[in-house]
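> sequence unknown, structure follows:
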């Protein structure tokens, strides 16, 4: 048996060895949460608890595997006998035994995301296929996102529609029929999707007392990792599984790191744990092994702004050179990015590996200038928050129009544009392209030496290109748009072009992508950032060159990490830059305008998560002006900066 008192700090030891029937462990950032939970499992095994009587619920399979490996290393026991895994994997395991009680046949199928899209696509075609050709009906992916958010927040989908997707309300009746048929079709196919795994396990526990009691008697100890991230069905599943007379529950998490409400997580579950379990004991683990004292002082000051929290202060286990966090005001976002690239270059030249440096941001579009400047400075980087800026689908959608404007022979751009027309597939796009190319070649033959059209698109292509009646309104609108992009044969400025194309694409983009508002911000940022480009040709060339940078051969150790803060949770780096810390950027403008205290406090928690990723150095920067075009935005510093005690930071002017 291990000497637990010697291997754990006093706070960890108290939590690991508790005999409380219900315990909430508030494990602060960098305090050894996983270590505490792993040692708790090991301690239970050492106390003689059979492995199969322990249920460990996590949010990723990776976390479950790592904990089991550590338990095996600690105890030598066969940790494979533990019931452990994500909520969904444990639900699947239990439903395999009992789904017949809910009307399913043995061997039910689990639909993955591709299966869901395929079924939803068929249903959209069935129920919305005969709509007016001018009506745009939401894409299957968008309908699935709406449905999933409703399930995970235990909210009626009509309410989610009205609050999150109000522009789809005119389709409410048809969406309702599709959802009803979606549920019926899954049952007929003896299938469940990922959300069904949770809701069906919850139904099983609620409706079948014998099964609920048997599971409560089997699982003497229920442990939940990242409890602050539980959604409503998950929280209710935990309550029912750990609700037996002899059941013990330990929930481990940190309310200050609850940042996923947008996908259904509810911080109230951890904040009101003692109301749900009045006899529960709360253990605080606050010794931080990650960050130097100045970073922790700033972290504590940042989260202190929130009223709704379980009070704690992180205490440093490390000591050493005290490099105060740096605040950097920049004149504009391009200068911010240039400075950042220069500072990273200095750090790497001084011996800091790229793998130890991260640039974090609230929204993906904040990284646009940084990607450009790191590329220009030949500093390799990886992006963990998605695609490179110009590789994103919605950015490519807009750029396709600009490419075709410059080069009417660009078939790739033309086919991408045609794909935005309702009821136009690859075959139809190919037929239209053939006519377009022939018409352009005829025009070019009559205008030797000219490449870009000097005549309106409507004059050149409308008589020559024949499209189906259903496509005509969209074809005519497209030609009118192209004419507006170069009045009198002279193109608008790139910023104006992006604005105009974006406005034209709003119906398509908003009904295609479930996160349209974020994508709209990307396009607005694109327009702001191209205001001083000399020509459309130069702008498109720059995009192509930046998009094609090959980082596949770069060693991982050499790469700087670019990530949204949401994606960075749970990670750490020696040096962290947090950019675009302007009011309206972070916290987000929508959150400020909502006036919601809950939403502002979640933004504060997001800032707290960001600053607690840093081990040795922390840089906080913001642009006073965002953009270089005619609509550049003034951006005062974020409230997260102005409310910090000034003695905790050092100011660098550039």
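That came through fine. Please read these numbers as outputs of a predicted model, since none were measured by experiment. Numbering: from 1, shown residues only.

> In which helix or strand does the closest residue to residue 306 other than its chain neighbours reside?
Nearest in space to residue 306, with sequence neighbours left out and distances taken as CB to CB, 6 or more residues apart in numbering, is residue 601 at 4.7 Å. Where C-beta positions appear, they are placed from N, C-alpha and C, glycine not excepted. According to DSSP states H and E, residue 601 maps onto helix 597-611.

> for the strand with the most length in the chain, which positions count as buried?
Longest strand in the chain, counting residues (DSSP state E): strand 614-626. Applying a neighbour-count criterion of 16 or more other CB atoms under 10 Å, one finds 614-626 buried in strand 614-626.

> Rebuild those as JSON lines, extending it with pLDDT.
Output for these, formatted as JSON lines (pLDDT from 0 to 100):
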{"residue": "614", "pLDDT": "97"}
{"residue": "615", "pLDDT": "96"}
{"residue": "616", "pLDDT": "96"}
{"residue": "617", "pLDDT": "97"}
{"residue": "618", "pLDDT": "98"}
{"residue": "619", "pLDDT": "98"}
{"residue": "620", "pLDDT": "98"}
{"residue": "621", "pLDDT": "97"}
{"residue": "622", "pLDDT": "95"}
{"residue": "623", "pLDDT": "93"}
{"residue": "624", "pLDDT": "91"}
{"residue": "625", "pLDDT": "84"}
{"residue": "626", "pLDDT": "77"}
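
> Which residues does the helix holding residue 601 contact?
29, 255-259, 261, 267, 295, 298-299, 302-303, 305-309, 325, 360, 362, 565-566, 568-569, 576, 578, 586-588, 591-592, 618, 620, 638, 640 (CB atoms under 8 Å, 6 or more residues apart in numbering).

> so of those, which ones are in helices?
295, 298-299, 302-303, 565-566, 568, 591-592, 640 (DSSP state H).

> partners of the longest strand of the chain, with directions?
strand 326-332 (parallel), strand 573-578 (parallel), strand 633-634 (antiparallel) (DSSP bridges).

> So what touches the longest one?
Residues external to strand 326-332 that are found in contact with it (CB under 8 Å, 6+ apart): 336, 339, 617-628, 632, 637, 641, 649-654.

> just the buried members of the contacts of helix 597-611?
29, 255-259, 261, 267, 295, 298-299, 302-303, 305-306, 309, 325, 360, 362, 565-566, 568-569, 576, 578, 586-588, 591, 618, 620, 638, 640.

> Tell me how far residue 256 lies from residue 60.
20 Å (CB to CB, to the nearest Å).

> same check, this time on residue 206
For residue 206 relative to residue 60 (CB to CB), the value is 27 Å.

> What does the pLDDT read for residue 545?
Per-residue pLDDT puts residue 545 at 55.

> What of the one 5 residues further on?
We have a pLDDT of 41 for residue 550.

> coming back round to it: from the buried residues of strand 614-626, which two are the most distant?
615 and 625 (32.0 Å; CB to CB).

> With distance to residue 411 added, can I get the buried residues of strand 614-626 in a markdown table?
Formatted as a markdown table, the buried residues of strand 614-626 follow (distance: CB to CB, whole Å):
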| residue | distance to residue 411 |
| --- | --- |
| 614 | 48 |
| 615 | 50 |
| 616 | 51 |
| 617 | 49 |
| 618 | 48 |
| 619 | 45 |
| 620 | 46 |
| 621 | 42 |
| 622 | 43 |
| 623 | 39 |
| 624 | 43 |
| 625 | 39 |
| 626 | 36 |
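
> now, among the residues you listed, which is nearest to residue 53?
After measuring the buried residues of strand 614-626 against residue 53 - CB to CB - the closest member comes out as residue 615, at 38.7 Å.

> Without its sequence neighbours, what residue ends up closest to the closest one?
residue 574 (4.8 Å).

> what's the burial count for the one you found?
15 (other CB atoms under 10 Å).

> ok, it to residue 122 distance?
In terms of CB to CB, residue 574 sits 51 Å off from residue 122.

> got a pLDDT number for residue 631?
62.

> thought residue 256 was touching residue 27?
No: look at residue 256 against residue 27 with CB atoms under 8 Å: they stay out of range, at 10.3 Å.

> Isn't residue 369 up against residue 341?
No: applying CB under 8 Å, one finds residue 369 not in contact with residue 341, separated by 9.4 Å.

> gap between residue 181 and residue 116?
14 Å.

> How much space separates residue 240 from residue 14?
Residue 240 is 28 Å from residue 14, by CB to CB.

> quick one: contacts for residue 202?
With contact set as CB under 8 Å, 6+ apart, residue 202 has these partners: 233, 236-237, 240.

> Burial check on residue 301, number of neighbours?
Neighbours of residue 301 (other CB under 10 Å): 18.

> swap that for residue 384, sorry
Residue 384 has 12 nearby residues by other CB under 10 Å.

> cool, residue 456 as well?
Around residue 456 there are 18 residues (other CB under 10 Å).

> What of residue 183?
Residue 183: 13 neighbours (other CB under 10 Å).

> Would you mind checking which helix or strand in the protein has the lowest mean pLDDT?
helix 536-547 (a mean of 64; mean pLDDT, DSSP states H and E).

> Pairing partners for the closest residue to residue 252 other than its chain neighbours in the sheet, please.
Nearest residue to residue 252, sequence neighbours excluded (CB to CB, 6+ apart): residue 25, at 4.4 Å. Beta bridges link residue 25 to residue 252, residue 283, judged by DSSP bridges.

> Go ahead and confirm residue 25 touches residue 250.
Yes: here residue 25 reaches residue 250: they are 6.5 Å apart, a contact under CB under 8 Å.

> Just the pLDDT for the residue nearest to residue 252.
On pLDDT, residue 25 comes in at 97.

> quick one: contacts for it?
Applying CB under 8 Å, 6+ apart to residue 25 gives the contacts 15, 33, 36-37, 250-253, 282-283, 285.

> Between all of these, which two are separated the most?
Checking the contacts of residue 25 with CB to CB, the most distant pair is 37 and 282, at 15.8 Å.

> of those two, who's got more company?
residue 37 (26 against 15).

> Where does the more buried one sit, in terms of helix or strand?
Assigned by DSSP H and E, residue 37 falls in helix 33-46.

> So which residues of the stretch 151-300 of the chain form strands?
191-192, 221-224, 248-253, 281-285, 287-288 (DSSP state E, counting those that start in this stretch).
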